[in-house]
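> Requesting a structural model of the entry that follows:
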Amino acid sequence: MNADILIIGSGAAGLTAALNLADRFTVTVLAKGAMNEGATAWAQGGIAAVLEPGDTFESHIEDTMIAGAGLNDRATVEFVVDRAPAAIARLQELGVPFATDGDALHLTREGGHSHRRIVHVADATGWAVQEALQKAAEKHPNITLVPDQVAIDLATSRHEERYSGAGNVWGVYAVDRNTGHVGLYTARATILATGGAGRTYLFSTAPRGATGDGIAMAWRAGARVSNMEFMQFHPTCLYNLDVKNFLITEAVRGEGGQLKIPDTGHRFMPDFDPRAELAPRDVVARAIDHEIKRLGLDYVHLDISHQPPEFVRAHFPNIYEKLLGLGIDMTTQPIPVVPAQHYTCGGIVIDRDGRTDLPGLYAAGECTQSGLHGANRLASNSLLECFVFGEAAARDIAARWDDLPPVPPIRGWDESRVTDSDEEVVIKQNWTEIRRFMWNYVGIVRTTKRLERAQHRIKMLTGEIEDYYGHFRVTPDLIELRNLLQTAELIVRSALHRHESRGLHYTLDYPDMLPQAVDTVLVP
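Prediction:
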């Protein structure tokens, strides 16, 4: 299947790019599952933008740089912050029903922000944004949305019928979840908007599909990857053995929620940081991790029951309903929480036009390292990055369209030497093993010894999985396992390379921060 432009990923970054291109070009958007199954729909928080009187771009830039521990690229931060208000205005035009306060937008405040600057739709902003973008894309005659396509690898110059080493990207090979058929999707420009790699970890707030696919595919094709050691852990994920990955938004702490030790009710955040519950996420996550390990707890309590019940219900209607269904009334009871992997700050190296190292390949959103987040993402800057870079990539493709060469003949997918797998249990076993050792060895607090143990496991598994991949037909699970392992390898390699503690990367062997902030850049 051929289109002018191919977009892999149907969240905020992918659909923003599609809508910005579709008036001039034909666009195919591939989703790994249903069109709304990505991380965008899960984002409870909101979108940060300077809209409050007295707030300034300079202040938003400073807050972002401080959270990112100086590793951010300042020019990129300025570029994104500057474009935030316009991005919000365009979402309003698409019909996103942001909460209002009289005539103005209602702004909330989150950890790390010096002003109220988070626009939101109650506590389900991402869902509303996804819905609005998807509706607009479904209506557009030039956009083709294709669900249930699991991307295997980028089609590059190596796959041309006349082999070339030019490194151009011409599209992707993807397996259909329903039929098992591997199709080739080609285009003059390809945008990766595949999200993060949260499922590398045992506890994660990421959707099931967040297996680092775009990062792994770009790396295998020859693009550089950067800052993969910076994995953000959300401090407050609901602890419930039946319900996986339910996030208790940052805003609960923003509106007065307190973290306490279950048995004693001791409020412990002031022991760790003067900002208490409003300290940046990495500080809060490490404090909770410290208390859980020190006291042998399964969880800590997040308590907002001292606020008026109607205030809590009005601010957090979805969380309130969900918890009530599990027997927890957050207006009268504390919520059991644990930290969980939440956001991938590193990824494919891109410039401010969303361009990667490979001709014809662009990337936007969580799968990238744009320079915005540095060593730790500031709350509610993530959806913002998707809109700004989705648009930037679209603008650049349109501007240089005449220089993008047409797609040459590409070889089809070759299945002549493989058979159906007889050992699905191998995939399940390896998947569980990766997620467990990444959680234990490459989690919130690290040591060189733990990282080396993880690296050793990865080496052993790599041989096993490559052998398996070479002999059997691809399945969605096998593709994800291969990408998970590749992503884990990049995370561990990056973490071993950084001999300091900065932002989200905290190691007991190098507890101090070096005077100079340097990106970890891995070259294939």
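> And the next helix or strand past the lengthiest strand in the chain?
The residue-count maximum for a strand in the chain (DSSP state E) belongs to strand 335-344. Past strand 335-344, further along toward the C-terminus, the next helix or strand under DSSP states H and E is strand 347-349.
> which secondary structure elements does the helix or strand following that next one contact?
Next along the chain after strand 347-349, taking DSSP H and E as the criterion, comes strand 361-363. The helices and strands touching strand 361-363, judged by 3 or more Cβ pairs under 8 Å, 6 or more residues apart in numbering; DSSP states H and E, are strand 189-192, helix 213-221, helix 382-399. C-beta: built from backbone N, CA, C; applies to glycine.
> from the ones you listed, which stretch is densest packed?
Mean neighbour count, computed with mean count of other Cβ atoms under 10 Å, is highest for strand 189-192 among the helices and strands packed on strand 361-363, reaching a mean of 30.
> Can you dump the C-alpha atoms of it in CSV for me?
Extracted in CSV, the C-alpha atoms of strand 189-192 (Å, rounded to 0.1, in the frame of the first residue of the first chain):
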residue,chain,number,x,y,z
ALA,A,189,8.2,10.3,4.0
THR,A,190,7.6,8.2,7.2
ILE,A,191,6.9,9.6,10.7
LEU,A,192,7.4,7.5,13.7
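> send the alpha carbons of stretch 133-149 over as CSV?
The C-alpha trace of stretch 133-149 is given here as CSV (Å, rounded to 0.1, in the frame of the first residue of the first chain):
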residue,chain,number,x,y,z
LEU,A,133,-8.1,14.5,16.8
GLN,A,134,-9.5,11.1,15.7
LYS,A,135,-12.9,12.5,14.7
ALA,A,136,-11.2,15.1,12.5
ALA,A,137,-8.9,12.5,11.0
GLU,A,138,-11.8,10.1,10.3
LYS,A,139,-13.7,12.9,8.5
HIS,A,140,-10.7,13.8,6.3
PRO,A,141,-10.9,12.2,2.8
ASN,A,142,-7.1,12.2,2.4
ILE,A,143,-6.4,10.3,5.7
THR,A,144,-6.6,6.5,5.7
LEU,A,145,-6.6,5.0,9.3
VAL,A,146,-5.5,1.4,9.5
PRO,A,147,-5.9,-0.4,12.9
ASP,A,148,-4.3,-3.6,14.1
GLN,A,149,-1.0,-3.3,12.2
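> chain center to stretch 276-291, what's the gap?
Centre-to-centre, stretch 276-291 and its host chain are 20 Å apart (Cα atoms, centre = their mean, to the nearest Å).
> which secondary structure elements does the longest helix belonging to the chain contact?
Longest helix in the chain by number of residues (criterion: DSSP state H): helix 448-471. With contacts taken as 3+ Cβ pairs under 8 Å, 6+ apart, helix 448-471 sits against helix 424-441, helix 476-497.
> If I average pLDDT within each of these, which one is lowest?
Least confident of the helices and strands packed on helix 448-471, judged by mean pLDDT, is helix 424-441 with a mean of 90.
> And that one, what's buried?
By neighbour count, with 16 or more other Cβ atoms under 10 Å as the criterion, the buried positions of helix 424-441 are 426-427, 430-431, 434-435, 437-439, 441.
> Closest one of the residues you listed to Tyr468?
Val426 (6.3 Å; Cβ to Cβ).
> which one is that closest one nearest to, not counting chain neighbours?
Tyr468 (6.3 Å; Cβ to Cβ, 6 or more residues apart in numbering).
> Next up, the contacts around that neighbour.
421, 423, 426-427, 478 (Cβ atoms under 8 Å, 6 or more residues apart in numbering).
> And the furthest pair within these?
Glu423 and Leu478 (10.7 Å).
> ok, those two, which is more surrounded?
Neighbours per residue, other Cβ atoms under 10 Å: of Glu423 and Leu478, the larger number sits with Leu478, 22 against 10.
> Quick check: that one touching Lys428?
No. Counting by Cβ atoms under 8 Å, Leu478 stays clear of Lys428, with 11.0 Å between them.
> Can you name the residues that contact Leu21?
Leu21 makes contact with 4-5, 27, 394, 397-398 under the criterion Cβ under 8 Å, 6+ apart.
> Just name the closest of these to Ala34, please.
Nearest member of the contacts of Leu21 to Ala34, counting by Cβ to Cβ, is Val27, at 18.7 Å.
> my guess is that closest one meets Leu145, correct?
No. In this structure Val27 lies outside contact range of Leu145 using Cβ under 8 Å: 9.4 Å.
> nearest to Gly209, of the buried residues of helix 424-441?
Comparing the buried residues of helix 424-441 against Gly209 with Cβ to Cβ picks out Trp431 as the nearest, at 13.4 Å.
> so which helix or strand takes in the nearest residue to Asn36 once chain neighbours are set aside?
Computed as Cβ to Cβ, 6+ apart, the closest residue to Asn36 that is not its neighbour in sequence is Gln130, at 5.2 Å. Gln130 belongs to helix 125-139 when assigned by DSSP H and E.
> Buried residues of stretch 478-498, list them for me.
478-496, 498.
> how close does the closest residue to Glu415 other than its chain neighbours sit to Thr462?
Spatially, and ignoring its direct neighbours in sequence, Glu415 is nearest to Arg473 (6.2 Å; Cβ to Cβ, 6+ apart). According to Cβ to Cβ, to the nearest Å, Arg473 stands 20 Å off from Thr462.
> got it, and His140?
Distance of His140 to Thr462, computed by Cβ to Cβ: 42 Å.
> next one: Arg253
Taken as Cβ to Cβ, the span from Arg253 to Thr462 is 40 Å.
> Which one's more surrounded, these two?
Set side by side, Arg253 and Thr462 show more neighbours around Arg253, with 24 against 15, by other Cβ under 10 Å.
> And that one, what's its pLDDT?
Confidence score, pLDDT, at Arg253: 93.
> Could you report the pLDDT at the closest residue to it other than its chain neighbours?
The shortest distance from Arg253 to any non-neighbouring residue, by Cβ to Cβ, 6+ apart, is to Glu277 (4.2 Å). Glu277 carries a pLDDT value of 94.
> Spell out the secondary structure type for Glu277.
helix (DSSP: H, G, I helix; E, B strand; the rest coil).
> pLDDT on stretch 33-50, on average?
Stretch 33-50 comes out at a mean pLDDT of 89.
> let's have the chain start at 298 instead
Done: numbering now begins at 298, and the last item shifts to stretch 330-347.
> Which residues belonging to that stretch are considered buried?
Using 16+ other Cβ under 10 Å as the test for burial, stretch 330-347 gives 330, 332-347.
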